[in-house]
Every structure is written in C-alpha cells, then in structure tokens.
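# mind folding the following:
(one chain, ligands or ions: 1)
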Amino acid sequence: MTDGSPDPPVTRRHTALLVARATANAILWIGTWQGASWLLFANRAWSAPTSSHDPRQSTTNLVTPSMNTQDPYRLPSHVRPTHYDLRIEPDLTAHTFTGHEVITLTVIEPTSDILLNATELEISSAIVSAESHSPRAGAVEMDDEHQRCRITFPHVIPAGTWTLHLTFRGTLNDKLRGFYRSSYKDSQGVVHSLAATQFEATDARRAFPCWDEPQFKAVFAVTLVIDPSLTAISNTRVIEDRQEHGKRVVRFAESIRMSTYLVAFIVGQLVPTPPIMARQTPVRLWSVPGKQHLTAFGHEIAVYSLNFLAEYYDSPYPGDKLDLIAIPDFASGAMENLGAITFRETALLLDQRTATHAEQGRVADVVAHENAHMWFGDLVTMAWWNGLWLNEAFATFMEMLVVDAWKPEWERWTAFGIARAAALSVDGLLSTRPIEFPVRAPKEAEAMFDVLTYEKGASVLRMLEQHLGPTVFRDGVRHYLTAHAYGNAETTDLWVSLGQASKHDVPALMNEWIFSPGYPVLSLSVESSSTLTLRQHRFTYAEDTSTSSSPSVAPHWQIPIQLRIDTGQGTETRRLLLGDRESHIPLPQNWTSILANEGGHGFYRVRYSAELLARLQMRGLHTLDPVERFNLLNDTWASTVAGMVAPADYLALTEHFHGERDPHVWAVMLGSFSTMYQLLAEDDRPRLAALVRKRLATTFADLGWTPRADERELVKELRGDIIRALGTLGRDEAIQAQAAEAFRELQTQTRPIDPNVIPALVSILAFTGDEARYEDFAGRVRAATTPQEERRYLFSLAAFRQPALLERTLAKTLTDDVRTQDAPFLVSSLLHNVYIREKAWEFVKRNWERMDRLFPKSGLRRMCGGIVGLSTPDLERDVRQFFATRKIDLGGKSLQQYLEQLHIAVRFGERDREAIRTVLASKTH
Ligand SMILES: [Zn+2]
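From the prediction side, this is the model:
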C-alpha cells in the first residue's frame, strides 16, 4: 500500500513528510509545509519503550493447529481454507451487495464449530458438506467486537476436506474500506457511481466472510454479477462473460494462492487503455471515462518497472495480467491487489505537458512501489502484521531502485534523503517503536502504516544493500522469493537468505536496527593529531545522552560506516563496521578533512567536533555530494531543535549554502526557516523574511524565472521551490508582483510558464490573496482538468492568510465540496497554518464526532498529525486535555508521537525564540 497524503514523491506516507514535497509541489508553504517542517528535521533519546514481545526470541507467527482462541483477534487454524468460489452481486443504486461463497476447507482436527472473520455482513445461511456426508446447516453467531463469526454445527465435523457454503449481504459503504462506493461527475455534470474494494489490512471481512489473516492463503475464483452497462475487474483475467436474467455475469480465472487482503473487485463505467505487453503480461490502465488521455506516463513506468522487477527478482510476474485502476475516492495512495492495483487518481493519472517534476515523480514512485509488491508482498507475504515492514520497506526500497534506473537524472537516491530524514525525525522520539512491533487488533495493524515501517525500513535495507554489495543483496532476495513463493515468511527468513548469499552474520548486523527503537548519533573528534575517535549513542531530542545512560544498558548498533579522509595527496575511502560504543582509528599523517557517512546511505546522524566541522568548511561544502550536504545540514538542524546546537550556529552554517543548486538540500533549509516562521511572532517575521531573501538571492539570480535549454528537471523543480519561498516566507514584493503577472499571462496564454513554476504561483497568490482570489481558486478546483490541478487548487484554499477565508475552507471539509479522501489532509494543513490554527483546532474539537464518522480511519489519524502545528504552550495544554478527556486512541503509537512532537516544537520555541530574534536583529547574518 502507499500512503494517501496528497503530496507528491518521496514524502507521501506520513504527515511528517508532507513537508518536503509541499515545497516541491503545491501548496501551502505556510500551511502544511511549515508546520510539519520541523518534524522532518527534528529528533530525541530516552529509555527504550519496553515490550513484552522480543521477536529475536522468535516466536513464529504462524498459528499452530492446536492453538485456540486465546487471542480474540486471531483465528484458530485447525480449520483452514484452501479455495474460495466467490460470487458477488453489487447494486450501485441501492448501495448494497449480495454474495454467495463456497469455501473449500481442510479440517485438521474434528470440530463442531468454525470460526472466521466477518463484520457488517448479514449471513443468512451456512452449510457444510463433503462427498461422503450429507449437508449440515450451522447456526451463525456474530461477534462484532472482534469482527468474527462462529458457525456452530449440531454434530462434530470429522477431519478431512469439506466445503462451506455461505450466503450473505452487505452495504456498499462510503468509508473507503471493505467493498465501498465511489462517485464522479461526467463532463455534463451527471453523477455516476462505482464500487471498489480496499481490504488491507483487515477489511476483506467487510466484503465476504473469510479467514482474514495473511497466513491463511488460498486460491480465489471470483464471479461478479453486474449491470450490463458496467465493467468488472478482479485480480485475474476474465474467462467467461455472459448474460443471465438481464445481468452480466463475469467470471474470472483462479488466482494464485494468496492472502485475503489482496483480493479486489471493481465495478463501474471504467475504460481501459489498450494493453502493452511486459514479457508475457498484458498491462492496462483504467480510469473513469474522459481521463484516458492521462494514462500514457503511468503506463510507461508500469511496463518498465514490471520488466525491471522480473529481471531483478529473476522470477516471472506471478499473475496472468496486470490492471492499474484509478479510483475517484481512495483512502490511501495505492493498493497492491495482485493483478488489479488500485490508485487514487493523483497517483496514477497525469498530463505530461502540465505536470511538475514532483508530480511525475509521485506517479512513478507509486506505480513502481505497487509493482514491486506483486512479488514482495503478494507472492511472498508476511505471516502477520508485525512483519508488515518486510512488505513495505522492501517495496519502498525497490521503488527507488526502479525509478533510479528509469530516470537516473532524477537522482532518486538523493531525493530519498528527505524520506530518510523524516524517519530519523520520528525515530528520534521517546515514543518511537521498533520497525517490527507487536500487533493484535486491527487498529494496531492500521497504525503500522507509518514512516517507521516504510522510510526507516527502506533506509536500513539500503544501508544493508550498500554494505553487502548490490549484487549479493539481490541474490539473497532471489533466494528468499524462491524459498517462500506462494507462502508466508518472517524477518528471520530474509536474514537467512541474505546470510547465505553474503556469508555475513546478517542477524547480528540487523537485529538492533529492526527490533530496537531509535538509532545512533556518531560523534567524531580527533583527540591526538593522528587518531580519530568515533563514539555512538542513541540520538534523542531530549538531551545529550552520551553520558546519561549507563554504558552497560545503553543500546548500541552495528554501524556500517564509510569514511572519506582527505590528505594532501588525495582522498581515501575507508569502510568499517562499528560494533563498539567507541572506536579509535589511526589517521594518515597529513590528513586535512574527514567526512563520515560518505554517500549518505547510513541511518544515523553525525556530529563533528568544532575542529572537524571547520576543516570540512575549509575544504568547501560545495565539494561534497548533494546528499552529504543534505545530511550535514539536516543533522545540524536536528541538533538545533534538540537544543544541542545554538540557532546562531545553525544559521551561520546556512551561510555556506549560497548558490546551492540541489532542491533537496534547499528542502532542509527552507523547512527550518518555515519552522522559525511559525514560532516567531508576526512582528518578528519581516526580519526572518529578510534573512530568507538574503539566503536565496544568489540561487534565484542564477535561476531566474525561465528554464534554459537542456536544463535538468531537478533545476526546474528547484526554481519553483525558490520562487515560492521568496514569495511567501521571504515576502518579496517584487516576486509577488511578478507572480501575479505571470499567473495572468498564463490564463491569457500570452507567455509560456514552466509547469514547475505554476504551483509556486498558486502558493504565492494564495498567500497574498483576497476574497476574489479565493473565489477564483475555489472555482478552479471544480473546473480542474487533471487530478494534480484539482489537488493544487484545493490545497491552496488552506494557504490564504485571511482568517475569514480560511474559515470557509474549514467549513468545506465537512461538505460534499471536498472528498473524504482529501478532507482530513486539508484540515491538517489548516492546523498548521498560523493564521487559522486556533480556529481550526476549535473546529476539530467541535466536529470531532462528525469527522470520526465521516472520514476514513487512516485519514482521521493523518489529520491528527496536524496538531503538531499547534505549537504554543496554551494550545499544547488544550490538545493534551482534549485527547485525554475523550480517551481517543488512534492505534499504535500515533497519538503519543504527535503529542511528543508537539511538545518538542513548543519547547524549541520557548527555549530558542529569543536567540533566533537576536540573530535576526543583528546586521551580520
Ligand atoms: Zn506498499
């Protein structure tokens, strides 16, 4: 699955991430980007949360037959499904569906009852039969709390093969999960309905009674009975399509053996592209009518990535066709149903002539990510949700690999620095969790879809891949997929395969990274002129923990380190594995500077002694790779938020980035300025704006408004970021006037404007806009011709500064004007906007029940990430009180993490506001 946050590449899965890409793309600087920004670069350290479950002792997650129902969220496995014959008939007018299924069961131990998952379904009949036995009807008892049902039979069912026949009905809900309804307006304004599924993590049970745990893999044969005017799509190709009693009956081929959460059916007036073959597999894109012209880009990366992945995995695509389907209402970004991948429209469809670099990157990433899952996730699946990281971290890692191979000039691994930074930020909290973490209830499974699973997971895989070597790593992955094809696996299984391929002790290397919370900061100093001292301790925002933890209990990691040592004669690279808390390395006599984490692949921070930092600056920061500059700036900013570096020193460091040309490095700097904008009073912001203009001047003078011939896409992207920053944070009146003029000329088509600059224009015009502008932009949401344009104008409505206008946006979030897939993110943006955040918070409190009822659960959780923007002591108090009084649980550690991030932001402001004001007031910055 991919996260649904409305912002493009890199940063879609977590509110923390909204930041970075908000810059590259759309919207509101002073909204989303700004509030979340500190997050991105912040960090922490306390004692590790204790967990009663230590996966290292490992505990398999496969349920043994005799295990019974100790845990009400797990099914016993003395009865196991092997095959589902599933017939579903949706009614798109009445918003209901009926279903009938025949499940082939292996009964391992004699039993008089069968327990399986079902919720919000009405089961009218349950009968078991077998060849040598007469059919037996069972009594159905629903357990709503644990989302399961028990079917009790009057006599014991002997061991053997049985079939269970179930008849049921349900509602096509509007909650974007299970089997749900979506709608869209055609060009005449007529509303059409469609029905789609979203089952991960635990919502297949809302569409048909089933063994809804990833380890109960089975073969699925789906039949959809639909209105003849509609089309049906499922995981496999159509093997029969006939009319019956005025209905169209579409029967699909049997699937591979797979988990329930990967089953999909979509019914509506959908239109396919002609197929393109990727080896033996026909690949098609589907959309609602009128959007077929937006499919070419997604189609290209879909075919490219499928070919790349089959080669990388050395394994053919496991399905018989691949459809990628854009759904108008979709809670997450995309979902890897085998052979029938579903997407929100912004993640699949775009117009290449008008899409920005970031928007193209978003589509490429998501498509590659989902395709990577066809093997890693679908063919081989985690045994239980604690192992979700295996799926998601790996797909995230592969998405980088694929897109990097497809468009090397996009420098995908440098852009990944932003994702890694977001993970470092959350993983620096006391309330972080290990990548692999115990899961019981569905809510806990849902909460696993976070920055730690995806971004930290992918970061440590990248670190491991670089340490073992890409070819050896790939061979280990191939071994793993072959060994567990059509089955389930645990983290330890991956280590076994990688260990076989590499001859390394992979568990020793990786266990701390996967099973412990947090990560190290590496301190470097030269204590005699010829010895480098490296020390590791856990990084935290709280205080310098190098001395606070007792050495015997403090966690420490096996850290693969790549050191670059400059000497008078040249440069040498040293690779080492730091397993001790402290290590001393002899240096060549004539060393001049030292860089740790060369290439930037390590998941740790670096703190240089004053001498080492000065030497790097003498070498010239421009001589470092972009990702190395990124890390230096990002680590320093994190230490500033943590109170270990003075704001004056951080701001002095930013002076060295005059003329910086990498958009990712700028993302760090602009994010930090944005955080300062938020913590300063309005009276002080003009001084910050002056500093921003000063920092940006050289780069803007270099870039100007218009791309040069043959300019790289990353430079085009940067131009948009710089212009946006000048016009909003920098309050540059000349830029604001030019932006207004450029926007006018864009409308009259009198001057071509580079697509990458257009989102910046929209941001600036919103920032400086009045009611007429607001009306204009609101109209453009409705009239938009691409999903990206619609999103851009929608989110601009949260980026104005006039409270009266922003209140109108707030009100819209609870109306049909805004789809529920977008509304929570819009609210989150408003919570981050300093010109409305108090009122936005009052609005959330007042409408909590309604939002809870209306918004998808995952969206509600993301919305709550917006509270991090409420960074004043009074608001923090109120926020804490609200969540405590209401006893709100967002699942997992989400709420604790948001509250802690909020606290760190408040503390940063209280501690350093005056210091920042002092720097801004001085003439020398
Ligand atoms: Zn995924």
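# and the residue lying closest to residue 892 once chain neighbours are set aside, how many neighbours?
Of all residues not flanking residue 892 in the chain, residue 447 sits nearest, at 2.7 Å (C-beta to C-beta, 6 or more residues apart in numbering). Where C-beta positions appear, they are placed from N, C-alpha and C, glycine not excepted. Residue 447 is flanked by 26 other residues according to other C-beta atoms under 10 Å.
# didn't residue 447 look like it was pressed against residue 889?
No. Contact between residue 447 and residue 889 fails when scored by C-beta atoms under 8 Å: they sit 9.5 Å apart.
# how about stretch 617-626: buried residues?
621, 624, 625, 626 (16 or more other C-beta atoms under 10 Å).
# can you name the residues in contact with the helix or strand hosting residue 721?
Assessed by DSSP states H and E, residue 721 sits inside helix 713-727. Helix 713-727 has contacts (C-beta atoms under 8 Å, 6 or more residues apart in numbering) with 23-24, 29, 356-358, 409-411, 661-663, 666-667, 670, 673, 692-693, 696, 699-700, 703-705, 707, 732, 735-736, 739, 754, 756-761, 763-764, 767-768.
# cool, stretch 235-244 as well?
220, 222, 225, 228, 248-255, 258, 262-264, 319-321, 337-340.
# which of the residues you listed are buried?
220, 222, 225, 248-255, 258, 262-264, 319-321, 337-340.
# tell me where the stretch 101-250 of the chain has strands.
111-117, 121-130, 133-137, 139-143, 148-157, 160-171, 178-185, 191-198, 219-226, 231-234, 238-244, 247-252 (DSSP state E, counting those that start in this stretch).
# residues touching whichever residue of the stretch 151-300 of the chain sits closest to the ion, list them.
Proximity of the stretch 151-300 of the chain to the ion (C-beta to the ion) peaks at residue 200, 8.7 Å away. Taking C-beta under 8 Å, 6+ apart, we find residue 200 in contact with 1, 261, 262, 335.
# which ones among the residues you listed lie within strands?
residue 335 (DSSP state E).
# from the contacts of residue 200, which are also near the ion?
For the ion, the contacts drawn from the contacts of residue 200 by C-beta under 5 Å from the ion are residue 1.
# buried residues, stretch 438-453. List them.
In stretch 438-453, counting by 16+ other C-beta under 10 Å, buried: 438-439, 441-453.
# correction: the previous question concerned stretch 579-598.
Counting neighbours by 16+ other C-beta under 10 Å, stretch 579-598 gives 581, 583, 585, 587, 591, 593, 594, 595, 596, 597, 598 as buried.
# just name the closest of these to the ion, please.
Once C-beta to the ion is applied, the member of the buried residues of stretch 579-598 that ends up nearest the ion is residue 597, at 27.1 Å.
# my read: the closest one touches residue 631, true?
Yes. Between residue 597 and residue 631 there is a contact at 6.1 Å, judged by C-beta under 8 Å.
# what residues sit buried inside stretch 483-490?
484, 488, 489, 490.
# around the ion, pick out the residues from this structure.
Counting by C-beta under 5 Å from the ion, the chain sits next to the ion at 1, 392, 395.
# looking at the stretch 801-925 of the chain, which residue is nearest the ion?
residue 858 (13.2 Å).
# so where do the strands sit in the stretch 651-800 of the chain?
Taking DSSP E, counting those that start in this stretch as the criterion, the stretch 651-800 of the chain carries no strands.
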